[in-house]
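J.: Pasting the sequence and the predicted coordinates here, then a few questions.
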Amino acid sequence: MADDLFDFASRQATPAQRAEELRRILRRNNDLYYAKAAPEISDAEYDKLFRELEELEAQHPELASPDSPTHRVGNDLTEGFRKIGHPSPMQSIDDIFEKKPGEAAHTDQELIAFYDRLARTLEQDAPIVTVEPKIDGVAVTLMYRNGKLEYAATRGDGKQGDDITANVRTIAAIPAELPAPAPAILEIRGEIFMRSEPFAQLNAQRDAEGLPAFANPRNATAGTIKLLNPEEVAARPLDFLAHGLGLYEGEPLTDASGYENLLTRLGIPVNRPIIIARSLEETREAVRTVSNLRQTLGYGTDGAVIKVYDFAQRGELGSTARAPRWAAAFKFLPEQRETVLENIVIQVGRTGVLTPVAELAPVPLSGTIVSRATLHNQDEIERKDIRIGDTVLVEKAGEIIPAVISVNKTLRPAASEPYSLYHAVHGRCPSCGEPISRFEGQVAWRCTNITCPAQAATRTIHFCRREALDIESLGGSVAETLVARGLIRTPLDLFKLDLETLGSLNLGTDAEPRRFGEKNAAKALQALADARNYPLDRWIIAFGIPNIGAVTARLVATCHRDLHDLSRSDYLAALLELQTMADEYKALNPKARANKTDDEQLKQQRELRRTELKETMEQRAAEYTRRGYLILNADAKSSEPILTNPVGNVATQSLVDFFRSHAGRHAVEELETLGINPSSATYIENKNETVEGPLSGKTFVLTGALSRPRPEYEKLIAAQGGKATGSVTKKTDYLVAGEGGGSKRDKAAQLGIPVITEEQLLSMIQP
Ligand SMILES: NC(=O)c1ccc[n+]([C@@H]2O[C@H](COP(=O)([O-])OP(=O)(O)OC[C@H]3O[C@@H](n4cnc5c(N)ncnc54)[C@H](O)[C@@H]3O)[C@@H](O)[C@H]2O)c1
Ligand SMILES: [Zn+2]
């Protein structure tokens, strides 16, 4: 199958290897989908991998394992939320597919098998089931005690979930109180989701504010219910529908109709329609009915849920660790079509991300004519080997933007070439012509130019944020308008605005003008005047340099006097040079297998180079080690120089790149012209001298196996006024020893230096 994800790997690997690989991929995508609400692959792709693993585990029972993703529900637990134990587990639902993609025959085969299994287990020819739309949202449980909403929780790991009560209280569809007589205990299971129309409005609004759009309503919902500020949640169009029951104490409930009636009386919105089917044929028909209703429901659905009608029969069927045996989710196939990919164009988004977009020969798909599809990023293009001129399979599922699923390689033109986004744009941003780059650990190519026209509004909004220069009255839609009306091209242009221009700025339309006003303008200009004197770290944040957050910005500000100093930083240059030398030193290690040789001359040459490198490193680092800006010491065993870069290699590179880039240099020059040179409020000339603490004047040596990395202890000791050195001498006050550490222990014993444990060290800091 040409569109098989990772099919190359599957042909090479043994079943055990493939199972491990699939589990790894599924776990990663579970985390992206449930905990981070930012999936990277489509549900259909996920389902295919999941099914492959299920089949593999069925064929090779020895490979089965209870912690395989096939035996667990995906885990959405996140930090920052109280955990709530579920009185009965919140489960998933087993999928059944219409047919395998590309397979014409066997339609409904899995549905028939499911129904047969129900009939057999229940010893009944035609068990009654219900069929209802499967809502593509986020599962939630609502606990009502004596008619009052006690808490709301996510599914979590199935056993316990995150307490999202405060957020759920903002959802209008969920009653806080139920009309009497209410059951003593009523635990409602249901779905929080967004309807298509308000979702589209939300995205339009985000786009106007320069925020990234949500890929689909489910992601938007999953992200929203995990926001820490309920006020923000209240502004999002969340909705709710009930579809299940947890703990219950009240008038007896025996079946799906009783449940539906009870909830209707209590004013809890129920997912409808719930079609009752009394035979296999009726079930198949009901599934078709739900499928045909899809376009009219007003919310995204990816299937129909089939459930046994009678509650006693549900009990009889029971459940597995992951899902009930009395229910199944019939997954609809998303509509797919083949067409020719005529060209790939690169769009520069408002945040600087370069997105490849396919231009297609127009095809009708799910009710619209599709002529463009997102290709996501270079990695996706490579993974699917998509080339210009290819015949591709395009899919549109729900409201998601059309996507290219696979390539029909049998129709590939002979002259086609692999596609490279980087080469297509000659390594430069199509909007501003500056070099593009990739962030550590991210797949997207970006333009990081602070003066890129495509990003003017987003950059200005960022520049004005509270954590940056706190000019919030000029952020948001005001920044948009300033850019749209050509009054600013870059954030720095803000400093050139005058009272009259800003005051008469029209925030409305030509027909309905709305002036920014003199009073607001005066306040904004005052905020800009204040910003001129804000400390260096806030300016570093304002520049929006890749990989630089508030913590790094603050750290960098302690090592530089002002922007002028930072923009020509020898310290950052030294860190990069030292890292390069340390890497070369390591690469020449004679003990490394790659360096095994009998060539004595070569060995000598390498040794010479290593000595030279070590000396150069020590010289280059000298000033900064003395000032406590970095640590360079030797590994006890190999005497390999170890560089501890407190800024981090990636961040260091990012900063250096920024200030060396055309755009960065230009920004610094422009600030100079404007008479702005932000200075550091936290600059420390010599970090070794200034720190006073419980360890002041004490010298430590670390040895043996410690529970934390050694550099971490070194930092800790330095932060408390102490000093950590590499070898035991008369000047050493304490040897901190974990397990092992033989020679240093001997030396300490010889010199009568006390040997202490990690715990003793920590208690010296915090008795
Ligand atoms: N794209 C990705 O990277 C990725 C990663 C993980 C999971 N997924 C998707 O999630 C699915 C697995 O997620 P899951 O375990 O939550 O299962 P699921 O979403 O397929 O089905 C179970 C859930 O359906 C919900 N539901 C909606 N309507 C319902 C109704 N009418 N009746 C009963 N329940 C209803 C319930 O909340 C229940 O928890 C996969 O099949 C895949 O499509 C995608
Ligand atoms: Zn650009």
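T.: In hand now; what should we look at? On a predicted model such as this, the values are computed, not experimentally measured, just so you know. Ligands and ions are numbered 1, 2, ... in the order given.
J.: pretty sure residue 386 contacts residue 377?
T.: No: Residue 386 lies out of contact with residue 377 (Cβ atoms under 8 Å); the separation is 11.4 Å. (C-beta placed from N, C-alpha, C; glycine too.)
J.: Next, the contact list for the spatially closest residue to residue 68 that is not a sequence neighbour, please.
T.: Leaving aside its sequence neighbours, residue 68 sits nearest to residue 23 (Cβ to Cβ, 6 or more residues apart in numbering; 5.8 Å). The contact partners of residue 23, by Cβ atoms under 8 Å, 6 or more residues apart in numbering, come to 53, 68-69.
J.: So among these, which ones count as buried?
T.: By neighbour count, with 16 or more other Cβ atoms under 10 Å, the contacts of residue 23 hold 53, 68-69 as buried.
J.: lowest-pLDDT helix or strand in the protein?
T.: Across the helices and strands of the chain, mean confidence by mean pLDDT, DSSP states H and E is lowest for helix 7-12: a mean of 42.
J.: Sort out which residues of whatever helix or strand comes next after it are buried, please.
T.: Heading C-terminal from helix 7-12, the first helix or strand you meet, by DSSP states H and E, is helix 15-30. By neighbour count with 16+ other Cβ under 10 Å, helix 15-30 contains the buried residues 18-23, 25-27, 29-30.
J.: do the same with stretch 299-315
T.: With burial defined by 16+ other Cβ under 10 Å, the residues of stretch 299-315 counted as buried are 299-311, 313-314.
J.: and the longest helix for the protein?
T.: Counting residues, the longest helix found in the chain (DSSP state H) is helix 600-626.
J.: what's the domain layout of this protein?
T.: Listed by automatic domain parsing, the domain ranges of the chain are 7-71, 96-331, 335-424, 448-531, 542-673, 691-765.
J.: For residue 89, which of those is the nearest?
T.: Nearest of the domains of the chain to residue 89, taken as Cβ to Cβ: domain 96-331 at 4.9 Å.
J.: what's in contact with stretch 416-424?
T.: 344, 346, 354, 356, 377-378, 381-382, 385-390, 436, 445.
J.: who's in contact with whatever residue of the stretch 451-600 of the chain ends up closest to ligand 2?
T.: Closest approach between the stretch 451-600 of the chain and ligand 2, counting by Cβ to the ion: residue 452, at 3.0 Å. With contact set as Cβ under 8 Å, 6+ apart, residue 452 has these partners: 348, 352, 429, 431-432, 434, 459, 663.
J.: distance of it from residue 328?
T.: Using Cβ to Cβ, to the nearest Å, residue 452 is found at 50 Å from residue 328.
J.: where does this protein come near ligand 1, residue by residue?
T.: Contact residues (Cβ under 6 Å from any ligand atom) of the chain with ligand 1: 29-30, 32-33, 39, 41-43, 46-47, 73-74, 92-93, 95, 132, 134-135, 139, 155, 191, 243-244, 271, 305, 329.
J.: Let me know the distance separating residue 204 from residue 744.
T.: Using Cβ to Cβ, residue 204 is found at 65 Å from residue 744.
J.: More neighbours: the two, which one.
T.: Shown here are residue 204 and residue 744; by other Cβ atoms under 10 Å, residue 744 has more neighbours (23 against 11).
J.: Tell me if that one really is in a strand.
T.: No: if the criterion is DSSP: H, G, I helix; E, B strand; the rest coil, then residue 744 is helix and not within a strand.
J.: mind listing the strands for the stretch 651-767 of the chain?
T.: Per DSSP state E, counting those that start in this stretch, the stretch 651-767 of the chain carries strands over the ranges 699-703, 723-725, 734-737, 755-756.
J.: in the stretch 101-250 of the chain, what residue is nearest ligand 1?
T.: Closest approach between the stretch 101-250 of the chain and ligand 1, counting by Cβ to the nearest ligand atom: residue 139, at 3.0 Å.
J.: So that residue sits against residue 155, correct?
T.: Yes: using Cβ under 8 Å, residue 139 is in contact with residue 155, at 4.4 Å.
J.: Need the overlap of contacts for the two.
T.: Counting by Cβ under 8 Å, 6+ apart, the contacts common to residue 139 and residue 155 are residue 90.
J.: who's in contact with residue 72?
T.: Contact analysis of residue 72 by Cβ under 8 Å, 6+ apart lists 157-158, 321-322.
J.: Just the pLDDT at it, thanks.
T.: On pLDDT, residue 72 comes in at 89.
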